[in-house]
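J.: Need coordinates for the following:
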Amino acid sequence: MNPIWKFASFLLGIWILGVVYMTNNFHSASTVEETAKRKLDLVANELQLLREENDKLIRIIDEYKQGGDGEKSRLRLEESLNRARISVQSNPDREVLLRKVLNGAEELWYYIRANWRSDSGLVEHTGRQHRSLLADIHRLRSLDEQWRLSETRELQRIVEQRIHYLQNPADCRSARKLLCDLNKGCGYGCQLHHVVYCMIVAYATERTLILQSQGWRYSSGGWEKVFLPLSDSCTSTYGEAPVPWDSSMGTSQAAVVLLPIIDSLSPRPDYLPLAVPEDLSERLRRVHGNPAVWWVGQMAAYLSRPQPWLKSFLDETVEKMHFARPIVGVHVRRTDKVGLEASFHDISEYMVHVAEYYDFINRTQPLTVRRVFLASDDPQVFTDAQRRYPDYVFLSDEQASKSASLNTRYSDESLRGVILDIHLLSLTDFLVCTFSSQVCRVAYELMQTLHADASWRFRSLDDVYYFGGQQAHNMRAIEAHWPERDSEFPFSVGDQIGIAGNHWDGYSKGINRRVGKEGLFPSYKTVDDVRIARMPTYAEADRS
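T.: Okay, the predicted model is just below:
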């Protein structure tokens, strides 16, 4: 382990010094270069902390060497390594720092690519160095991947156990219930998110969720015709008249409460997305890059557990399609979204990021096939991609694309198609899409349940991740900033910055909530301010 750490850290340090030297020579008088150098210096400082961690491990090895051979020395080394591993795993700063270095490298690349377009040679060279840096960072992260995977699986088990406990009360008739009407007037992704919202409110208020889904616009048989029931034993309100939601619903003893759509909820409780449960928050912040997405993903996965016929359909399609790794998922939304909720994006805009991902993983594993799963509601996109990118193997479900057209969207066939697209997109190694699309966001959420930390496995061509009707998405300043342009605003360390969007050029748009100033800010100077809400801890479920 230690030689790898030492070698990887050395490579990262050399890369940073090389790029600083290169940029000093090419752009010594440029404001753009000075900003980039500051970003590189920040990354260098962070990597110095990683090297210090590595030095501690090296000293343990030296102690072993000085102790000579024998069972006593071996046991002393084993004990020291175990102490070191426990120390590393129980220290949230180390995991957070690794992700911060990764995010800083990405934001630096966005900045260079956007601001130095005229110097194609420099951008190409820096791109290669960027991919080399990413490969080394992920090698460092992989050293603790087993622990990370074990931790997320345990957290997932806890959440599943609590939901099952909530949804299967000992006495259904006397249990407090939350009634959720499925037929929200929107598409499948939006409706799934509506049920996720209902499940989160049910969890936070300790009410068994009853889903009213008969006559569902996608399937007249209701949710349970497609997905497993939310409960094995409690699916009825027993004729109790529901009480409309009001401010007391968190503590009300009303037998059945009717939940409105999230946009109409008032007052808005603090446990709505992007909040995570307080009792799980520290473990989540340590192990995952976006705890809010992880939390939503657990709910979405539980709610969309397929009926046996649907599971067979999904598994058989995967086999017939010869779906294999590595593979990048691309979702191109057209038809009714373009011009209303999202801008038109040519297939080339997606493929830039596909190529970058494959160039990146080519540094860590040999590549024989560059495979892409392409999902779209426009069948022409697949034909266009095949013609323009002959070096890639494209997989797609043509029938799903056809059934997604506006005149057949609300049908059993269309429902199978969109569920299949989301399922396959979530199975990919990397996702390129527009987060303005609910389908894309659902796939990204479900992806979190299949990896220890899949928060980095995406590129969005427009929005940052969001949950419709969410509370404000805030960042926290980790470095002070003074504006370099009129369009920017100042902030101090610790300031809360409300983010409206990432421009994917090194800057984001937002507001300094302390002083009320709006504008652009350097993305790398902030980190996500994770929302934490006090929710039930379900001690009885954890003991069962």
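
J.: Flag the shaky bits of this protein, pLDDT-wise.
T.: Low-confidence segments of the chain, defined by pLDDT under 70: 1-93, 247, 249-251, 336-342, 399-409, 544.

J.: And the residue nearest the centre of it, how far from I112?
T.: In the chain, the C-alpha nearest the mean C-alpha coordinate belongs to S455, at 3.4 Å (Cα atoms, centre = their mean). To I112, S455 is 23 Å away according to Cβ to Cβ, to the nearest Å. For the C-beta atoms, the positions are set from N, CA and C on the backbone; glycine is no exception.

J.: Also I210?
T.: Counting by Cβ to Cβ - I210 and I112 are separated by 53 Å.

J.: likewise H322?
T.: Taking Cβ to Cβ, one finds H322 at 38 Å from I112.

J.: So which of the two has more stuff around it?
T.: I112 (25 against 9; other Cβ atoms under 10 Å).

J.: Can you verify my assumption that that one contacts H125?
T.: No: checked against Cβ atoms under 8 Å, the pair I112 and H125 is beyond contact range at 10.2 Å.

J.: Enumerate the positions of the helix or strand harbouring F382 that are buried.
T.: Using DSSP states H and E, F382 sits in helix 380-388. Buried residues in helix 380-388, defined by neighbour count with 16 or more other Cβ atoms under 10 Å: V381, F382, D384, A385.

J.: count of residues packed around D463?
T.: 17.

J.: actually L415, sorry about that
T.: Neighbours of L415 (other Cβ under 10 Å): 20.

J.: Next: V442.
T.: 27.

J.: So it lies in a strand, does it not?
T.: No: counting by DSSP: H, G, I helix; E, B strand; the rest coil, V442 falls outside a strand, being helix.

J.: Assess the claim that it and L192 are in contact.
T.: Yes: using Cβ under 8 Å, V442 is in contact with L192, at 5.9 Å.

J.: which residues do the two both contact?
T.: A300 (Cβ atoms under 8 Å, 6 or more residues apart in numbering).

J.: all helices of the stretch 351-500 of the chain, in order?
T.: 380-388, 398-403, 412-427, 438-447 (DSSP state H, counting those that start in this stretch).

J.: coming back round to it: could you dump the buried residues of helix 380-388 into CSV and include distance to E151?
T.: Output for the buried residues of helix 380-388, formatted as CSV (distance: Cβ to Cβ, whole Å):
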residue, distance to E151
V381, 39
F382, 39
D384, 43
A385, 38
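
J.: And V243, its phi and psi?
T.: Main-chain dihedrals, V243, degrees, to the nearest 10: phi -100, psi 130.

J.: Between its first and last residues, what's the separation in stretch 270-280?
T.: One end of stretch 270-280 sits 16 Å from the other (Cα to Cα, to the nearest Å).

J.: Now it: buried residues?
T.: Y271, L272, P273, L274, A275, V276, P277, D279, L280.

J.: So which of these sit within helices?
T.: D279, L280 (DSSP state H).

J.: so which of the buried residues of stretch 270-280 comes closest to V96?
T.: V276 (15.2 Å; Cβ to Cβ).

J.: for that closest one, what are its contacts?
T.: V276 neighbours (Cβ under 8 Å, 6+ apart): L284, P291, A292, W294, W295, V530, R531, I532, A533.

J.: didn't the second one look like it was pressed against E278?
T.: By that I understand P291. No: P291 is not in contact with E278 according to Cβ under 8 Å; the separation is 11.4 Å.

J.: how many other residues sit next to the nearest residue to G468 once chain neighbours are set aside?
T.: In space, and not counting its chain neighbours, G468 is closest to H193: 6.0 Å by Cβ to Cβ, 6 or more residues apart in numbering. If you count neighbours by other Cβ under 10 Å, H193 ends up with 24.

J.: is it true that H193 touches C440?
T.: No: the criterion here is Cβ under 8 Å, and H193 misses it with C440 at 12.0 Å.

J.: Against Y271, how distant is Q191?
T.: For Q191 relative to Y271 (Cβ to Cβ), the value is 21 Å.

J.: same thing with D421?
T.: Counting by Cβ to Cβ, the gap from D421 to Y271 is 30 Å.

J.: Around Y358, how many other residues sit close by?
T.: So Y358, with other Cβ under 10 Å, has 21 neighbours.

J.: Which residue is the nearest non-sequential neighbour of it?
T.: Using Cβ to Cβ, 6+ apart, the closest residue to Y358 is R370 (5.0 Å).
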